[in-house]
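*Asks:* Next come a sequence and a model predicted from it.
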Amino acid sequence: MKYQHALPTDVRRAAETYNRLRPTDCLLPIDGEEAAALFLPGHPLPDPSLSAQKTAIFAQNDATDAGFAAGNAAPGSETGYVTVLLAADDGTRRALLDELTAAMRAENPSLKRLRWVFYNPCLLRWRLPGPGRFEHPGLPGVPEDSALHAFLLARGWRDFAQMNVYLRPLADYRIPDGLRARIEVNAAAGLSVRLWDPARDTSFTPLTDALGNDDWRRTLAANEASPAPLPVMIAADEREVTRAEYGGRALVCGFAGPMRRTENGRGYFAGIGIHPDYRRRGLGSTLFASLCEGLRALGADYMTLFTGSDGAARHIYEAAGFEVRRTVSAMELSLPADVKSR
């Protein structure tokens, strides 16, 4: 068996090898452009605003690629990410992982750990198990019912978080009556849930400053500055005392979005957050319910999302009729300081 580093020109080879070796009951096929963005050095990441060194290795048996592995790490980072590890047997899988680890550490001597997790900037599109053809844009870990999960545990990797992937078709979705009563109570107190309107509402800056989430700050600011911003569902403090403080505008104290329908019919949103001063009033549940209804109105056929199996948000999703379709593990391997592979 020979192990070869992928070159920027290996676009077709990477796509064909991935498509041939991928588990067809889960991972979706990709084209050369997507393969280049996910795996190959010299090509921009799927999110070109990010920076990382990509590494990919082919395992070649005679003239056939019998395995493929890829990962990435930001320059100088202590954490690297494994994107894919495909092989027909554990021996090839083990050697590929060793080759990938050594190559990534040679490129980035600062690496102290490898992770298989949703923070990876290169995520693989996949199909949820069960009835229907529902897709999610990024596999957020290693499926717990897979041979790969057992292999990694045996190689010294550990589970550090368990993620549930949820699904709900939207054709029959309506805001539950119980939440409508909560919406009325909040409205009487001057708190509304509706679409953001730049003519009557503050910017998202006070909210994102309070939440301290840089990804949400960038996403909402870019959407706000766009000539054609996507709709965002908000919780708004409409009270006169608040309007007086913010120049006659309602304060955005929660958000869910931005919202859009993707090509495969999925309802997309970037996140949901409530200002710390406005929590424990049911705004999170009513915002999420309004988000679901808003995405249905945009023509979305379904929603998928994931959250920690012990996270508080799961109660909101389950109350809205979302069901768990798969459980995955976020995994980590601590790298020995004195060797470059394991």
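*Replies:* Here it is on my side, so go on. Quantities reported herein were computed from a predicted structural model and do not represent experimental measurements. Residues are numbered from 1 along each chain as shown.
*Asks:* D215 reaches A221, doesn't it?
*Replies:* No. The pair D215 / A221 is not scored as a contact, 10.9 Å apart, by CB atoms under 8 Å. C-beta here means a position set from N, CA and C on the backbone, and glycine is covered the same way.
*Asks:* Mind checking which of these two has more residues around it?
*Replies:* Neighbour totals were compared for D215 and A221, and A221 leads with 14 against 10 (other CB atoms under 10 Å).
*Asks:* excluding its backbone neighbours, what's nearest that one?
*Replies:* Spatially, and ignoring its direct neighbours in sequence, A221 is nearest to F204 (7.0 Å; CB to CB, 6 or more residues apart in numbering).
*Asks:* by contact count, what packs against the helix or strand of the chain with the lowest mean pLDDT?
*Replies:* Confidence across the helices and strands of the chain bottoms out at helix 313-319, with a mean of 83, counting by mean pLDDT, DSSP states H and E. Counting contacts by 3 or more CB pairs under 8 Å, 6 or more residues apart in numbering; DSSP states H and E, helix 313-319 packs against strand 158-169, helix 283-297, strand 302-308.
*Asks:* if we go to 7 Å?
*Replies:* Packing contacts for helix 313-319, counted by 3 or more CB pairs under 7 Å, 6 or more residues apart in numbering; DSSP states H and E, involve helix 283-297, strand 302-308.
*Asks:* just so I know, which of these lies nearest G265?
*Replies:* Evaluated over the helices and strands packed on helix 313-319, closeness to G265 peaks at strand 302-308, with 6.5 Å, by CB to CB.
*Asks:* and P276, what does it touch?
*Replies:* A210 (CB atoms under 7 Å, 6 or more residues apart in numbering).
*Asks:* Next, it: phi, psi?
*Replies:* Dihedral pair for P276: phi -50, psi -30, per degrees, to the nearest 10.
*Asks:* quick one: it from A70, how far?
*Replies:* P276 is 39 Å from A70, where distance means CB to CB, to the nearest Å.
*Asks:* On the strand side of things, show who the nearest residue to I274 once chain neighbours are set aside bridges to.
*Replies:* In this structure, I274 finds its nearest non-sequential neighbour in G254, 4.3 Å apart by CB to CB, 6+ apart. Assessed by DSSP bridges, G254 has beta-bridge partners A235, I274.
*Asks:* and G254, what pLDDT?
*Replies:* Predicted confidence (pLDDT) for G254: 96.
*Asks:* So it is in contact with H275, correct?
*Replies:* Yes. Using CB atoms under 7 Å, G254 is in contact with H275, at 6.3 Å.
*Asks:* Look at those two and report which has more neighbours.
*Replies:* G254 (25 against 20).
*Asks:* what about the stretch 201-342 of the chain, any weak spots by pLDDT?
*Replies:* 311, 338-342 (pLDDT under 70).
*Asks:* ok, now with 80
*Replies:* Low-confidence segments of the stretch 201-342 of the chain, defined by pLDDT under 80: 309-313, 338-342.
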